[in-house]
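Engineer: A structural model of the following input is requested.
(2 chains)
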Amino acid sequence: MRKALTLLVSGLVAALLGVLALGGLAAAATASAAEARDSAKSAREAAQKAGKPDPFTPEIYGTR
Amino acid sequence: MSVPTGPTRRERWLLYAVAAVVAAVVLAPLAAPGYALLYDMVFVPRQPLTWQLVAPADSLPRAVPMDALVSLVTQVVPGWLVQRLALGGAVVFAAVGAGYLVPTERRATRVVAAVGYAWTPYLAERLLIGQWGLLLAYAALPWIVRAALRVRAGQPGALPRLVLAAAPAAITPTGGLLAFAAVALLVAGRERRRSTALAMGALLALNAPWLVAALVTGAGGTSDPAGVQAFAARAENWAGPLAALAGTGGIWSAQATPGSRAGALVPLATLVLLLVAAVGAGPLRRRLPAGVALRLGVLAAGGLLLAALGVLPGTADALRWAVLHVPGAGLLRDGQKFLAGYALPLVLCAALGVERLVSRWDRDLALLVLAGAALLPVAVMPDLAFGGAGRLRPVSYPADWRLVAAVTAEEPGVVLALPLSAYRAYPWNPDRMVLDPLPRYLSAEVLTDDTLRVGDVTVAGENPRIRELRRLLRDGRPVAGTGVRWVVVQRGSTEAVDPAWLAGLEKVHEGPALTLYRDPNAPPVWRRSPPGPGRWAAVGAFTGALLVVAFAALSVLRRRPTPW
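Structural biologist: The predicted model follows:
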């Protein structure tokens, strides 16, 4: 009984990790150029709101 | 003294297969043609071999001898292929190296170590900031440790293998120091004086190209202390910078950090990792030769401490002082680079920790948990996949670049890249920043700005010639007459180029990406001093390092074929 329960819990955790990993991989794989543009746009807007320089300004190596 | 048993033939195949899958998943966008240009990662079709790449006259040798090697290799192999081989090799050899090194009899534990080491925040962040040379050092580290264990055990032919394992690491100063530290810690011993001296001598020879270049450059050895704050470890989520470092992340740049690292549960995953690693520390100590685990612990602690220097109270001030006054201390300002020395022991301990936890369980159940452990790094940071969810995407250089390279090659002279900026954002490489590729694309000497801006902080560069030119341009004076023969104005920059700077120059080419100007009165060569003995010393050091590697390779080949 105890062994079956351990197997069940471990199986569920492994399955959850598998789903998370595969889901994440699928999301990363389908990231399109448009999404990359949107993500850059959000970063710009967030920087603007925080009063920080645009991280995609050519003169800027990056922001912390 | 014994060396832990290596993997069986079947396990080796399995490890290479797993590593190939990981590399394919991480670098999938590189299947498309072109060059992935991202932050410090610059590859060009054929990189000319110039003095500036072997021994920079006016800047610190941050990419020595990496650039010289790329120049040599791209004379026969196209740059796009070199980029794929370097990145693919880094991921594959990191995974296989960790899988080989972990002292275990279980196949699944080797896979956990392989995936764990190839899917770390460290690898992701250094990939996304484009520091592929450092990734080679990261990949070489398990092989260096393995070879060092053989040298300790006095195995014949171990030393040349150690040299070959350390060679990829030594293509950058940071990687060279990492390799040197690992070898010094693991090989040194009273009972092995001869092999210790030979190993340290070989490592010194591998590090000599950048050491000699640093001694002969006119840039001095110190740098702007503002860099300490700018490049200090960064908090990736609510848990702060030290927690980020404990999980092998914490790079200074928000843009080089995978989005998933900001997750609220990430510190919890780091805590689990540390607890499991603590469980695995005992088996690692018992299975490695006496004293080796302790030395690996010192390597890990040293790496973690160097990474944390910029954020710990007291040490940040000391580092700022050192960067300003001690030549070479600038290497420590982006200390997170040294976390590679911590990542490897952590992954080995974690893999053995999982194995220990499931050691008394039913075999099928244990396998299930080990499979879950191998998936854990991917589940926690899935956005490393596919080139950091699309951040690594190849592009092609516009035709303008080839034309400008051909014109400037016909008439020798110094080239100035305008607007003054170390990094560029090109319309043809959208939403990505990249170090100006012009110095690597043109065969002429190219002057680019070396000032770094990190948010609101400006970190001054070291090149005195650029400093001089910047002062002139700030005063609105023209480039003509300064000794610069060519001026390349790069489009797509927000910063304007003052027409006054271009007065007296003739326009040679105007394209959609680049405009080329020429000063007809400029001398063919503009140098403060001609290449002196210092530069020849740098060439000698580079040649010496190549000879050491060639000698080691011949020595290994002379022996019977081995698993690697």
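Engineer: all contacts plus neighbour counts: C-alpha atoms, from now on.
Structural biologist: Fine.
Engineer: list the buried ones in stretch B:465-477?
Structural biologist: Across stretch B:465-477, burial judged by 16 or more other CA atoms under 10 Å in any protein chain shown covers B:465-466, B:469, B:473, B:477.
Engineer: run through the chain and note the low-pLDDT ranges.
Structural biologist: Just so you know, I chose chain A. Counting by pLDDT under 70, chain A has low-confidence residues at A:31-37, A:53-59.
Engineer: that was the other one, I meant chain B.
Structural biologist: B:1-2, B:492-495, B:524-531, B:560-564.
Engineer: give the contact list for the spatially most central residue of it.
Structural biologist: Central residue of chain B (CA atoms, centre = their mean): B:Leu134, 2.0 Å from the mean position. By CA atoms under 8 Å, 6 or more residues apart in numbering or on different chains, B:Leu134 lies in contact with B:126, B:169, B:172, B:174-175, B:337.
Engineer: again, but for B:Ala23
Structural biologist: Contacts of B:Ala23 by CA under 8 Å, 6+ apart are B:88, B:91-92.
Engineer: mind checking the SS state of the spatially closest residue to B:Arg465 that is not a sequence neighbour?
Structural biologist: With sequence-adjacent residues excluded and distances taken as CA to CA, 6 or more residues apart in numbering or on different chains, B:Arg465 is closest to B:Asp58, at 7.3 Å. Using DSSP: H, G, I helix; E, B strand; the rest coil, the structure places B:Asp58 in coil.
Engineer: scan the contacts of B:Ala23 and report the most crowded one.
Structural biologist: Ranked by the number of neighbours (other CA atoms under 10 Å in any protein chain shown), the contacts of B:Ala23 place B:Val91 first, at 28 neighbours.
Engineer: tell me the secondary structure for that one?
Structural biologist: From three-state DSSP, the assignment for B:Val91 is helix.
Engineer: any idea how far B:Pro65 is from it?
Structural biologist: Using CA to CA, to the nearest Å, B:Val91 is found at 21 Å from B:Pro65.
Engineer: kindly report the same for A:Gln48.
Structural biologist: 40 Å.
Engineer: which positions in the strand or helix carrying B:Glu125 come out as buried?
Structural biologist: Assigned by DSSP states H and E, B:Glu125 belongs to helix B:121-128. Going by neighbour count (16+ other CA under 10 Å), the buried part of helix B:121-128 is B:121-128.
Engineer: ditto for stretch A:11-19
Structural biologist: A:11, A:13-18.
Engineer: for the closest residue to chain A within the stretch 51-200 of chain B, what are its contacts?
Structural biologist: Scanning the stretch 51-200 of chain B for proximity to chain A using CA to the nearest CA identifies B:Ile129 as nearest, at 9.6 Å. For B:Ile129, the contact set (CA under 8 Å, 6+ apart) comprises B:38-41, B:256.
Engineer: rerun that using 6 Å as the cut-off
Structural biologist: B:39, B:256 (CA atoms under 6 Å, 6 or more residues apart in numbering or on different chains).
Engineer: swap in B:Leu211?
Structural biologist: No residues are in contact with B:Leu211 under the rule CA under 6 Å, 6+ apart.
Engineer: picking up where we left off before, more neighbours: which of A:Gln48 and B:Pro65?
Structural biologist: Counting neighbours by other CA under 10 Å for A:Gln48 and for B:Pro65 shows that B:Pro65 has the greater number, 28 against 13.
Engineer: so what's the more buried one closest to, chain neighbours aside?
Structural biologist: B:Ile171 (5.3 Å).
Engineer: could you double-check that A:Gly62 sits in contact with B:Leu452?
Structural biologist: No: between A:Gly62 and B:Leu452 there is no contact under CA atoms under 6 Å: 9.0 Å.
Engineer: more neighbours: which of these two?
Structural biologist: A direct count of neighbours by other CA under 10 Å for A:Gly62 and B:Leu452 places A:Gly62 higher, at 26 against 20.
Engineer: can you give me the neighbour number for B:Pro523?
Structural biologist: Quick note: B:Pro523 (other CA under 10 Å) scores 16 neighbours.
Engineer: equivalent analysis for the one 10 residues further on, please.
Structural biologist: Counted with other CA under 10 Å, residues neighbouring B:Pro533 total 10.
Engineer: contact partners of stretch B:92-110?
Structural biologist: Contacts for stretch B:92-110 (CA under 6 Å, 6+ apart): B:4, B:6-7, B:15, B:19, B:113-114, B:117-118, B:139, B:142-143, B:348, B:351.
Engineer: ramachandran angles for B:Pro437?
Structural biologist: phi -80, psi -10 (degrees, to the nearest 10).
Engineer: longest helix in the chain, please.
Structural biologist: This is for chain A. helix A:2-29 (DSSP state H).
Engineer: chain B, not that one
Structural biologist: helix B:533-558.
Engineer: in it, what's buried?
Structural biologist: Buried residues in helix B:533-558, counted by 16+ other CA under 10 Å: B:534-539, B:541-542, B:544-546, B:548-549, B:552, B:556.
Engineer: OK, contacts around B:Asp40?
Structural biologist: B:130-131, B:435.
Engineer: and it, backbone torsions?
Structural biologist: Backbone geometry at B:Asp40, expressed as degrees, to the nearest 10, gives phi -80, psi 0.
Engineer: hmm, back to that, would you format the buried residues of stretch A:11-19 as JSON lines with distance to chain B included?
Structural biologist: Formatted as JSON lines, those follow (distance: CA to the nearest CA, whole Å):
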{"residue": "A:Gly11", "distance to chain B": "7"}
{"residue": "A:Val13", "distance to chain B": "7"}
{"residue": "A:Ala14", "distance to chain B": "4"}
{"residue": "A:Ala15", "distance to chain B": "8"}
{"residue": "A:Leu16", "distance to chain B": "9"}
{"residue": "A:Leu17", "distance to chain B": "6"}
{"residue": "A:Gly18", "distance to chain B": "6"}
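Engineer: okay, those in JSON lines with distance to B:Arg363 next?
Structural biologist: Putting the buried residues of stretch A:11-19 into JSON lines (distance: CA to CA, whole Å) gives the following:
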{"residue": "A:Gly11", "distance to B:Arg363": "13"}
{"residue": "A:Val13", "distance to B:Arg363": "17"}
{"residue": "A:Ala14", "distance to B:Arg363": "15"}
{"residue": "A:Ala15", "distance to B:Arg363": "18"}
{"residue": "A:Leu16", "distance to B:Arg363": "21"}
{"residue": "A:Leu17", "distance to B:Arg363": "20"}
{"residue": "A:Gly18", "distance to B:Arg363": "20"}
